[in-house]
Structure formats: structure tokens, C-alpha cells
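# sequence first, predicted coordinates after that:
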Amino acid sequence: MLAYWDSSATTPVDREVAALVLELMTEEFGNAGSRTHEAGNAAKRSVAQARERIAGTVAADPSEVLFTSGATEANNLALLGMARHGEATGRRHIVSTLIEHKAVLEPLQRLEEQGFKIDLVPPEADGRVAPDRLLDRVREDTLLVSLMHANNETGVLQPIGEIATGLTEHDAYLHVDAAQSFGKLNEPLQNPRIDFISTSAHKVFGPKGIGALIARRRGWDRPPLTPLMVGGGQERGLRPGTLPVPLVAGFGLAAQLASKAATSRRRQVEGIRAHLFEGLASAHPVIHSQTAETLPHIVNLSFAGADGEAVMVAWRDLVAISNGSACTSASYQPSHVLTAMGLPDEQIRGALRLSWWHEAEAVDWVEAAQRVNGLRN
């Protein structure tokens, strides 16, 4: 069986989660909006329990959890949904970074077309954005600061805690794209100064097609979001449509299981990482994220003298990996993340992303290294 090492793109659904989803699809399939019978009430309880589980992961209130189709929609709602407030208050400035996911960069581009000023801060050579450099861009008319927690290509952790502290005396809203870190590294996300958190179930062993935007109150006030769609009033009028109760409940359970097992899972992926580097040593990989501030289950690397596509072909019967974000893998364009880091063209062309989970299939990395060396001959 081919080993799957592309967990940054998606993870397998936990068996306990899959069983719950199936049960709610086939046995207890009520609509959470139906209030006249027990089937609807049971569905409503399942949704309420999921909100509690997801909110508990980041120390939020359950009423602050807005279900979406995934982190991409959550990002769009957090960014585009604040546009009307920005226009009404004259705050048309947004600070973000050059290494964000396209699900952030493209909504920002749309806001720029609407007259907003967008400042994109480059990372340092190690892939981490310097907090002082980002905070220096914040102005009196800054509406939003948007920063991912963990980069999906390199695994590098961004200084969301330092950014949150730096914004203590400023009214700017802080949005964190936590698609890669939610359920794995929760403590930094519990900072109450973070206004918006985008999450996605399928990155944390839950089903595809469900995510959430956690929108924290400031005191009694909810963030002044405007819905992107209308037609039903669900999710406090911010995301209309019938809730997919099985997916919602599956996400809630996945979040709870991941949080409980976060420490043990981290130890497991760290062990796998050590075995990976030991096996590839003879091929002398170049690691692109030279910082200790990374998720332990993601590494971005290249091999001098070996094209990335050629390596993936050489490994095609050993392991499934990628050379970048799954959302842009069909374009074969150089990684905007590695380009922003200022890496040499050879490293960018040769870049590979390996990302694994705590029960990842074993790979013969010694054989993999030998195949890389064979490409150099």
C-alpha cells in the first residue's frame, strides 16, 4: 500500500468520527431547524454539542462558533464580511503577509479592488514573519490584521501571540487562519485578543465540507460582520442554509478527540520526523524552514541537483507527497511562500512538502534517498 504523506492537504477521517457521521446520515437524520418534532430537536442537540466541543478547543463561547463549509469560506467571511464596517468607519487599511494561503490573499485582492489599502509583510529567510515588522505597518485606520498560525507549505509557526499583544491598545480586528494548527496546537489560539479564527474539519481527522469561523465578542459586542449570502437566517444570519448536521457533529467530535490526544500525537509525529531525517541523511536534504518554530509533522525540503517533479516520480511507488499547497498543485507555478522567503530558484524548483499524521504508514527512506542519489548520477 502506498504510504500517504500529504496530511497538510487532508487527513483520514477518524473511525469514531466516521461512525457518528454515518449514524446521523442514516438513523438520526433530522433537520436542526425543525422545531416541531423530536427528530429536529435531536439534530439541534447534536449541533449544540459540536459548538461546545469546538469552542472548548480554543476557550471560546459556543455562541461564537459559526459553521461554514471550511476554512476557505471562514476566511472569506472574516475578511470580506468586515468590508462594510470598514467603509462606514473610514478604516480601509488591512495588514497581512505574503505567505498567506490563497484563501486569504484572494479575498484581500478583492478588497483592494474595492478601494482598501493592503499591506503584505514579507517573511524572514526562515519563513517566519517578524512581529515588529508587521506591527510597524499598523496604522490608525487599520481595520484588520490577518495572519496564519502555521504555514501550510513549510509548517512554520507565525507569532500570533506577539501580534495579539502588540494590538492590545489598538482597535484593529485580528484574524488568524488556523486551518493547519487547530486541534494540534490550541493554546496560542485561546488568546482572547484574537477576534477571528478560521478552522477546517478535514485537517484534523474530520469530514470534508465543514469548518467554522470563531468570531469572539468584545465585551457584549459581536464583530460587525456582514453576511456574504442571504436566505434563511441560520448561524445568526451570517451563513444561511440548512446545517449539515452529520458533518457538524463529526467536526465537533474530531476537535474533541484531537485536543485530548494532542500531546501523544505530537510525540508520535516527532518520532516519525526523526526517522525521516535519519533515512534521508545520505541524500543531504536542504530543509527550507530553518527554525524551531514549526509544526513537527510538516517539512519542506529539496535535494541539490534533483528536480522536485523528478523526485516525486522516483518515489511514486513509495510515498504520496506534494510540492506545495493542494489548492494550487495543478498550476505548477513556483511557490509564492518559498519565493517570498527569498530561496534560490533551484531550491524552489526542487521543493517537496512532506506532511504526515500520527499513524502514518512507514516509508523506506533509505531506499528513497538512494533513488534521489540516482537522479544525480
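Done, it's in. Numbering: from 1, shown residues only.
# just the element for A42, please.
Applying DSSP states H and E as the criterion places A42 in helix 38-57.
# give the contact list for A340.
Residues counted as contacts of A340 (Cβ atoms under 8 Å, 6 or more residues apart in numbering) are L98, I99, P122, P123. Using the backbone N, CA and C atoms, a C-beta is placed for each residue, glycine as well.
# pull the number of nearby residues for P334.
Number of residues near P334 (other Cβ atoms under 10 Å) recorded here: 15.
# that one belongs to a strand?
No: the assignment for P334, made by DSSP: H, G, I helix; E, B strand; the rest coil, is coil rather than a strand.
# is it true that it touches Q347?
No: applying Cβ atoms under 8 Å, one finds P334 not in contact with Q347, separated by 10.5 Å.
# over to F251: give its phi and psi.
With angles defined as degrees, to the nearest 10, F251 sits at phi -60, psi -40.
# ok, it to V21 distance?
The gap separating F251 from V21 is 9 Å, by Cβ to Cβ, to the nearest Å.
# which one's more surrounded, those two?
Between F251 and V21, F251 has the larger neighbour count (other Cβ under 10 Å), namely 32 against 24.
# now do stretch 93-110, average pLDDT.
Averaged over stretch 93-110, pLDDT sits at 97.
# let's see that stretch as PDB, backbone CA atoms only.
Provided in PDB are the C-alpha atoms of stretch 93-110 (Å, rounded to 0.1, in the frame of the first residue of the first chain):
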ATOM      1  CA  HIS A  93      -6.400  49.600   5.700                       C
ATOM      2  CA  ILE A  94      -5.500  45.900   6.200                       C
ATOM      3  CA  VAL A  95      -2.200  44.300   7.200                       C
ATOM      4  CA  SER A  96      -1.400  40.700   6.200                       C
ATOM      5  CA  THR A  97       1.600  38.700   4.900                       C
ATOM      6  CA  LEU A  98       3.000  37.500   1.600                       C
ATOM      7  CA  ILE A  99       2.900  33.900   2.700                       C
ATOM      8  CA  GLU A 100      -0.800  33.500   3.400                       C
ATOM      9  CA  HIS A 101      -3.000  30.900   1.800                       C
ATOM     10  CA  LYS A 102      -4.700  31.900  -1.400                       C
ATOM     11  CA  ALA A 103      -8.000  31.700   0.600                       C
ATOM     12  CA  VAL A 104      -6.700  34.900   2.300                       C
ATOM     13  CA  LEU A 105      -4.700  36.500  -0.400                       C
ATOM     14  CA  GLU A 106      -7.500  36.400  -3.000                       C
ATOM     15  CA  PRO A 107     -10.200  38.000  -0.700                       C
ATOM     16  CA  LEU A 108      -7.700  40.600   0.100                       C
ATOM     17  CA  GLN A 109      -7.100  41.200  -3.600                       C
ATOM     18  CA  ARG A 110     -10.900  41.700  -4.000                       C
END
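# give the buried residues for that stretch.
93-97, 99-101, 103-105, 107-108 (16 or more other Cβ atoms under 10 Å).
# many thanks, have a good one.
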